[in-house]
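Enquirer: Requesting a structural model of the entry that follows:
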Amino acid sequence: MTFSFQKLKNNYNEITYQGVIITILFIYFSYTLDGTQNVSLYSLVSIHKFAFFGNYLVAAIIINYFLLPYFYYRNQTLLFVIFLSFLISFVILTDEFILEQIYYPDTRGQYFPGILFTLIETLPLIFIMVAFKIVWDFNKKQSEIEQLKSLMNESELQFLKYQINPHFLFNHLNNLYAYALEESPKTPSIILELSSVLRYMLYDCKENEVMLSKELMHLKNYTALNELQIHERGIVNYKEEILSSDFKISPLILVVFIENAFKHSNESQIKNITIDIDIVVNKEGLLTFTCINNFLPHFAKSTHSGIGLENVKKRLHLLYPNQHELSIESIDNLFKVTLTLNLKHIEI
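Expert: Modelled structure (predicted):
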């Protein structure tokens, strides 16, 4: 009983949908069976109309909930056609030799009008009920496909996000190890900056979107952390022009470009490193991010082509379809990334 009630509850929308369709079709059938415009409510619901309509309705239910799911939807078309033919034949025999004999013994029950006429009279109502069921199943399947796509995108995003943390840790723990070996006085400062950045990545980035102000603070901390490693070997310019911060952004996208700039400028140069980071957000929520770094071209074999950039391209494709533009240019000894994003307002 509990299972039946639960099943009824789960299919409430479909039951309501079918109920409305069947009611409308029954009124139409009852009206056309009388063949006159002088129809009363009482005449619409007479017993013989229920009997004839019930014959078609039972056939439609058998097709909708047995033949379609067990044969047609499983590509067993031949069996579906065979069973459908038997079923339609049974409906016609019931119609002609039972119901008409009972309710029209002196008129329609006296003769058989032929197969073609009987099919034309019988099939439309059944096929209309089946057609509405197919439309319902199609929409339901489309909804399931959309949900599945959404789950796959979410799983892929989580996978891409989880790739970032080990990538980040690998780079900075190596640097921290080098400073520790040298007993550098900067080591405690680097550990504190690293702790702040990791706290954001571990606790604040669980959602697909975070407040813009938090992400910008993270970018500042991250840049400061990496600037410590450059020290006197170059210049880092970090600028912001935020006209409104009432927006949210997917976390850990912009930081990949900054990480990439520091990593490859560091790898190819021991001095004269220049990194310019510029972030502008206008009142409409259009974010323009620019990151330019220099590098020595003959060290650029592995430059700017790692897992981080491929990762962020996939995330942008999934999170900001038709809402972003990414330009990556490498000219002489300069590498320039320009990204524009249409941010979403914070929902209050």
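Enquirer: which ones are touching residue 209?
Expert: Going by Cβ atoms under 8 Å, 6 or more residues apart in numbering, residue 209 touches 248-251, 344. Glycine gets a C-beta too; all of them are placed from N, C-alpha and C.
Enquirer: could you redo the last one with a cut-off of 7 Å?
Expert: For residue 209, the set of contacting residues under the criterion of Cβ atoms under 7 Å, 6 or more residues apart in numbering consists of 248-250.
Enquirer: Narrow the residues you listed to those in strands?
Expert: Secondary-structure check on the contacts of residue 209 using DSSP state E: residues within strands are 248-249.
Enquirer: Need the nearest residue in space to residue 48, chain neighbours excluded.
Expert: On the basis of Cβ to Cβ, 6 or more residues apart in numbering, the spatially nearest residue to residue 48 that is not a chain neighbour turns out to be residue 103, at 4.1 Å.
Enquirer: I should have written residue 290 there, sorry.
Expert: Take residue 290 and drop its neighbours on the chain: the residue closest to it by Cβ to Cβ, 6+ apart is residue 278, 4.4 Å away.
Enquirer: How much space separates that neighbour from residue 49?
Expert: 77 Å (Cβ to Cβ, to the nearest Å).
Enquirer: Can you give me the pLDDT of the residue nearest to residue 48?
Expert: Per-residue confidence (pLDDT) for residue 103: 86.
Enquirer: Over to the one 3 residues further on?
Expert: In the prediction, the pLDDT value recorded for residue 106 is 81.
Enquirer: That one: neighbouring residues, count only.
Expert: Other residues within reach of residue 106 by the criterion other Cβ atoms under 10 Å amount to 6.
Enquirer: Confirm it sits in a strand?
Expert: No: if the criterion is DSSP: H, G, I helix; E, B strand; the rest coil, then residue 106 is coil and not within a strand.
Enquirer: gap between it and residue 100?
Expert: Between residue 106 and residue 100 the distance, using Cβ to Cβ, works out to 11 Å.
Enquirer: for residue 244, same thing?
Expert: For residue 244, the distance to residue 100 - Cβ to Cβ - is 76 Å.
Enquirer: Kindly indicate whether the residue sitting nearest the centre point of the chain is helix, strand or coil.
Expert: The residue at the geometric middle of the chain, judged as the C-alpha nearest the mean C-alpha position with Cα atoms, centre = their mean, is residue 150 (2.7 Å). Recorded secondary structure, residue 150: helix (three-state DSSP).
Enquirer: and residue 60, what is it in contact with?
Expert: 126, 129-130.
Enquirer: Could you list which of these belong to helices?
Expert: Mapping the contacts of residue 60 onto helices (DSSP state H) picks out 126, 129-130.
Enquirer: Now a ChimeraX select for only the buried ones of those residues.
Expert: When burial is assessed using 16 or more other Cβ atoms under 10 Å, the buried subset of the ones in helices among the contacts of residue 60 is captured in ChimeraX by this command:
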select :126,129,130
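Enquirer: Present the ones in helices among the contacts of residue 60 as a markdown table; the columns should include distance to residue 238 and pLDDT.
Expert: Conversion of the ones in helices among the contacts of residue 60 to a markdown table gives the following (distance: Cβ to Cβ, whole Å; pLDDT from 0 to 100):
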| residue | distance to residue 238 | pLDDT |
| --- | --- | --- |
| 126 | 72 | 92 |
| 129 | 67 | 93 |
| 130 | 66 | 94 |
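Enquirer: for the ones in helices among the contacts of residue 60, which one is nearest residue 11?
Expert: For those, the minimum distance to residue 11 (Cβ to Cβ) is 16.6 Å, reached by residue 129.
Enquirer: And the residue nearest to the closest one when sequence neighbours are not counted, how close does it get to residue 69?
Expert: Using Cβ to Cβ, 6+ apart and skipping the chain neighbours, the partner closest in space to residue 129 is residue 60 (3.7 Å). According to Cβ to Cβ, residue 60 stands 14 Å off from residue 69.
Enquirer: Equivalent analysis for residue 274, please.
Expert: The gap separating residue 274 from residue 69 is 66 Å, by Cβ to Cβ.
Enquirer: Compare neighbour counts for those two and give me the winner.
Expert: Neighbours around residue 274 and residue 69, counted as other Cβ under 10 Å, are more numerous at residue 274. The numbers are 17 against 11.
Enquirer: tell me the SS of the more buried one?
Expert: In three-state terms, and counting by three-state DSSP, residue 274 is strand.
Enquirer: nearest residue to it other than its sequence neighbours?
Expert: Among residues not flanking residue 274 along the chain, residue 294 sits closest, at 4.9 Å (Cβ to Cβ, 6+ apart).
Enquirer: now do residue 247
Expert: residue 343 (3.8 Å).
Enquirer: Domain ranges for the chain, per the record?
Expert: Residue ranges for the structural domains of the chain, counted by the TED database, are given in the record as 1-161, 164-345.
Enquirer: Which secondary structure state is assigned to residue 135?
Expert: helix.
Enquirer: next one: residue 337
Expert: Residue 337 falls in the strand class when you classify it by three-state DSSP.
Enquirer: Any idea how many residues pack against it?
Expert: Other residues within reach of residue 337, judged by other Cβ under 10 Å, total 24.
Enquirer: can you give me the strands for the stretch 101-250 of the chain?
Expert: Listed in chain order, the strands of the stretch 101-250 of the chain (DSSP state E, counting those that start in this stretch) span 210-211, 234-242, 247-249.
Enquirer: Relative to residue 11, tell me which of the ones you listed wins on proximity.
Expert: Evaluated over the strands of the stretch 101-250 of the chain, closeness to residue 11 peaks at strand 247-249, with 37.8 Å, by Cβ to Cβ.
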